[in-house]
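S.K.: Have a look; sequence and predicted model below, questions after that.
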Amino acid sequence: MSITGIILAAVIVGGTGLFIGIFLGLADKKFAVEVDEKEEAVLGVLPGNNCGGCGYPGCSGLAAAIAAGEAPVNACPVGGAPVAAKIGEIMGVDAGEQVREVAFVKCAGTCEVAKQSYDYEGLHDCIMINMMQKNGPKACAFGCLGEGSCVQACQFDAIHVVDGVAVVDKEACKACGKCIDVCPRKLIELVPYEHKHMVQCSSKDKGKDVMQVCSVGCIGCKMCDKVCQFDAVKVVDNIAHIDPEKCTGCGACAEKCPKKIIL
């Protein structure tokens, strides 16, 4: 190849590269998306777990909603009060008082106290087992299936199956709600971290039917209701409920409960 040919090829390649560079530069300015500085700042302080516990598609979705005024500054359950305070500073608003919450499993039906209708060996998935014969091997139709779908859903290693029942580690729980969404029997709920008395049962069966399948289940006897001086305990659909806003933590209900199902 002649020198002229080499020079010509170099000019063509260089010219092409220069043209592409100029074109990309102009396109970048033409189609540039304006970035909301507040949105970027909020995203920078969010934990980045993208758990969806806030109800938005990941941390970027929440940051956009907060910057647009569509979500409160304390909407991130994982970040809690510290992150809410930082976002409040960015947005120029008061984050307000935030009550820490944790997941709670409303079942104490361990292998020793809850009866089984039949033996099961197979895939460990609560959703699938709940659709099987008699809604699974556990005789109580309201009890924890203990197959660990909630464990698999938790990104924070805060819930484990112990002796056939899911148990939450309060210190590790971030209240993202993933375990709540995946539980087919809706046994898990968020409660205040400081709340000391909770009913560890969800059965709506009558007392005699409960005792046939679980020796520690709530029998709806209303003893807790009668002994509470603060109107914090009510028995509805054969199951006791404790109002955390009214409960003073006196422990009278737990002491009176014949089944000792109130923590």
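M.R.: Structure's in. What do you need?
S.K.: Contact partners for the residue positioned nearest the centre of the chain?
M.R.: By CA atoms, centre = their mean, the mean C-alpha position of the chain lies nearest to Gly177, the distance being 1.3 Å. Applying CB atoms under 8 Å, 6 or more residues apart in numbering to Gly177 gives the contacts 53, 77, 103, 190. Where C-beta positions appear, they are placed from N, C-alpha and C, glycine not excepted.
S.K.: which SS state does the third one fall under?
M.R.: Pointing back at Ala103 there. strand (DSSP: H, G, I helix; E, B strand; the rest coil).
S.K.: quick one on the thing from earlier: return the distance of the residue nearest to the centre of the chain relative to Cys183.
M.R.: Distance, Gly177 to Cys183, using CB to CB, to the nearest Å: 11 Å.
S.K.: Go through the contacts of Gly177 and name the one nearest Val162.
M.R.: Ala103 (14.5 Å; CB to CB).
S.K.: Now the closest one: closest residue in space that isn't a chain neighbour?
M.R.: Sequence neighbours aside, Val168 is the residue nearest to Ala103 in space, at 4.8 Å (criterion: CB to CB, 6 or more residues apart in numbering).
S.K.: Select from the contacts of Gly177 the one having the most neighbours.
M.R.: Ala103 (25 neighbours; other CB atoms under 10 Å).
S.K.: And the strands in the stretch 151-263 of the chain, which stretches?
M.R.: 159-162, 165-168, 188-192, 233-236, 239-242 (DSSP state E, counting those that start in this stretch).
S.K.: Make JSON lines out of those strands and add mean pLDDT and distance to Gln200.
M.R.: Below are those laid out as JSON lines (pLDDT from 0 to 100; distance: least, CB to CB, whole Å):
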{"stretch": "strand 159-162", "mean pLDDT": "97", "distance to Gln200": "13"}
{"stretch": "strand 165-168", "mean pLDDT": "97", "distance to Gln200": "9"}
{"stretch": "strand 188-192", "mean pLDDT": "94", "distance to Gln200": "11"}
{"stretch": "strand 233-236", "mean pLDDT": "95", "distance to Gln200": "14"}
{"stretch": "strand 239-242", "mean pLDDT": "96", "distance to Gln200": "10"}
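S.K.: export those strands to a markdown table and tack on distance to Gly96?
M.R.: Shown next, in a markdown table, are these (distance: least, CB to CB, whole Å):
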| stretch | distance to Gly96 |
| --- | --- |
| strand 159-162 | 28 |
| strand 165-168 | 26 |
| strand 188-192 | 16 |
| strand 233-236 | 29 |
| strand 239-242 | 25 |
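S.K.: what mean pLDDT does stretch 114-126 have?
M.R.: In this model, stretch 114-126 has an average pLDDT of 89.
S.K.: Counting neighbours, what do you get for the closest residue to Cys247 other than its chain neighbours?
M.R.: Distances taken as CB to CB, 6+ apart put Ala232 closest to Cys247, at 4.3 Å, once the chain neighbours are dropped. Burial of Ala232 is recorded as 21 neighbouring residues (other CB under 10 Å).
S.K.: Return the residues in contact with Ala232.
M.R.: So Ala232 contacts 242-243, 246-248, 253 (CB under 8 Å, 6+ apart).
S.K.: Make a PyMOL selection of the buried ones in the residues you listed.
M.R.: Listed next is the PyMOL selection for buried residues among the contacts of Ala232, using 16 or more other CB atoms under 10 Å:
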select buried, resi 242+247+253
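S.K.: Which of the contacts of Ala232 sits closest to Phe156?
M.R.: Using CB to CB, those come closest to Phe156 at Ile242, 25.9 Å.
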